[in-house]
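**Student:** the sequence and its predicted three-dimensional model are supplied below.
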Amino acid sequence: MSMEVISPRSRGFLFTNAHPAGCAAMVQQQIEAARKGRSAPAAGGTSLIIGASTGYGLASRLACGFAYGMKTVGIFYERPPSGKKTGSAGWYNSAAFHGAAHGSGLSCASLNGDAFSNPLKQQAIERLRDGFGPVDLVIYSLASPVRTHPDTGATLRSALKPVGAPYTTKTIDLDKEQLVEVTIEPANQDEIDQTVAVMGGDDLRRWIDALLGAKLLARGARVIAYSYIGPQMTFPIYRSGTIGLAKEDLERTTAELDRRLQAEINGNAWVSVNKAVVTQASAAIPGVPLYLSLLHSVLTDRGLEEQPIHQALRLLEDHVAAGATPTLDAEGRIRLDDREMQSDVQAEIDRRWQRVTSESLRADADFDGFKTEFRRLFGFEVPGVDYSKPVETEVPLPLD
């Protein structure tokens, strides 16, 4: 037993600890949303979620399990609690998922390790064979700044940079809570290549190759890879930058896999372009914290705001659940960013972007809401949690 009172430890918006009770409460909120969001009988089947412990991946696992009654196998790479150090938020999220799933009679398994590696893929295949069977739905929601290449052993690192020319934008200094202007120099070719190697489509292709080779994709299986496009104002650092080039590679790969799956198992692979949400990674991208603060304010004013669990439920209900026919854009992508990208929403964000100052940050944007959402990623500032009470930090997580 390791009971202690946990206060957030952070440097700016870089958190180094997490609150297990707060993380569990956030998971429970999403479970309740999943149960309420189901409009059809549970379909069953098996889902494999690669990147299942936080954000869209966690929401997808919760929606698959608690809204659709699916068996779930989750892949993630999280830090367990050790001594005076708490576990990572993803560790506590996954422990809470397992506890709730077992209490509800849902079959699940989790593997903690490097999803880019060949041994982890083989471990997943062996676990699927043992009690889960062929996979009906694959969700690829992997996000990592670093990848060890499974063939060469080279360490590859992604870069958050524009391509071709420097990029100057206003952004929020998260320590001083003021607007500042920053300029980022463009990436060189090696940085571009490494970013595409880390965040592009190569690893997804390897996962599907492994599953097909093991005959563990069910006939009619559907594969979903998550992506993001965003507005013109963030294009230089995102869609037209190094990350965007990686996302384009992921989308090309997914289109190639779609043709292959149709031919081999009557299956499909699609990209789902999701809305922008607060994540630890998004807080590090210049201009994005300001955009997210503005977006949350504008969507909330219009009654259009969604959290990842609502996006995951809409994805399953409208596009990929058994019997659903997805609605695709001209490039063959599912667009869950449709509310974010409405012309009136973007026009209002642009108006506020032009006029916002440090003094008007809370009037023009929901910066306080951004901060709260960010802290809740780590289990802090969650309603109903008494942070003055000691909690058990050595939370077990059943792993295969």
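**Tutor:** Looks like it came in fine. Numbers count the residues shown, from 1 in each chain.

**Student:** C-alpha from now on. contacts and neighbour counts both.
**Tutor:** OK.

**Student:** sheet partners, orientation included, of the strand ranked longest in the chain?
**Tutor:** In terms of residue count, the longest strand belonging to the chain (DSSP state E) is strand 217-227. Strand pairing for strand 217-227, using DSSP bridges, gives strand 135-140 (parallel), strand 268-273 (parallel).

**Student:** quick one: distance of the last one to the chain centre.
**Tutor:** Between the centre of strand 268-273 and the centre of its chain there are 15 Å (Cα atoms, centre = their mean, to the nearest Å).

**Student:** residues in contact with that strand?
**Tutor:** Contact with strand 268-273 is made by 220-229, 251, 254-255, 257-259, 261-262, 332-337, as judged by Cα atoms under 8 Å, 6 or more residues apart in numbering.

**Student:** follow-up on the earlier one: next structured bit after the longest strand of the chain?
**Tutor:** helix 242-265 (DSSP states H and E).

**Student:** quick one: find the helix or strand in this structure with the lowest mean pLDDT.
**Tutor:** Every helix and strand of the chain was ranked by mean pLDDT, DSSP states H and E. The lowest is strand 10-11, at a mean of 78.

**Student:** in PyMOL, how would I select the buried members of the contacts of strand 268-273?
**Tutor:** Buried members of those, defined by 16 or more other Cα atoms under 10 Å, are picked up in PyMOL with:
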select buried, resi 220+221+222+223+224+225+226+227+228+229+251+254+255+257+258+261+262+333+334+335+336+337
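
**Student:** need the residues that contact stretch 223-232.
**Tutor:** 137-141, 238-239, 244, 247, 250-251, 254, 268-276, 341, 346.

**Student:** quick one: low-confidence parts of the stretch 251-400 of the chain?
**Tutor:** The model of the stretch 251-400 of the chain has pLDDT under 70 over residues 322.

**Student:** now the helices: where do they sit in it?
**Tutor:** For the stretch 251-400 of the chain, helices defined by DSSP state H, counting those that start in this stretch occupy the ranges 288-301, 308-315, 343-355, 361-364, 367-376.

**Student:** now do the first one: which elements does it pack against?
**Tutor:** Counting contacts by 3 or more Cα pairs under 8 Å, 6 or more residues apart in numbering; DSSP states H and E, helix 288-301 is packed against strand 167-173, helix 343-355, helix 367-376.

**Student:** for these, which one sits closest to Y77?
**Tutor:** helix 367-376 (19.7 Å; Cα to Cα).

**Student:** contacts only, for H319.
**Tutor:** Taking Cα under 8 Å, 6+ apart as the contact definition, H319 lies against 325-327, 334.

**Student:** try it again with 7 Å
**Tutor:** Shown in contact with H319 (Cα atoms under 7 Å, 6 or more residues apart in numbering): 325-327.

**Student:** which one of these sits in the busiest neighbourhood?
**Tutor:** Within the contacts of H319, P326 tops the neighbour count with 18 neighbours, counted by other Cα atoms under 10 Å.

**Student:** isn't that residue right next to E317, touching?
**Tutor:** No: assessed by Cα atoms under 7 Å, P326 is found out of contact with E317, at 9.6 Å.

**Student:** what about S7, distance to R79?
**Tutor:** According to Cα to Cα, to the nearest Å, S7 stands 18 Å off from R79.

**Student:** higher neighbour count, these two?
**Tutor:** More crowded of S7 and R79, by other Cα under 10 Å: R79, with 16 against 12.

**Student:** OK, contacts around that one?
**Tutor:** Counted by Cα under 7 Å, 6+ apart, R79 has contacts 87-88, 91.

**Student:** that one and A25, how far apart?
**Tutor:** 19 Å.

**Student:** repeat for P150
**Tutor:** Distance of P150 to A25, computed by Cα to Cα: 37 Å.

**Student:** okay, those two: which has more neighbours?
**Tutor:** A count of neighbours by other Cα under 10 Å puts A25 above the other of P150 and A25, at 20 against 14.

**Student:** quick one: that one is in a helix?
**Tutor:** Yes: counting by DSSP: H, G, I helix; E, B strand; the rest coil, A25 is part of a helix.

**Student:** mind pulling up the pLDDT for it?
**Tutor:** With respect to pLDDT, A25 scores 98.

**Student:** many thanks, I have nothing further to ask.
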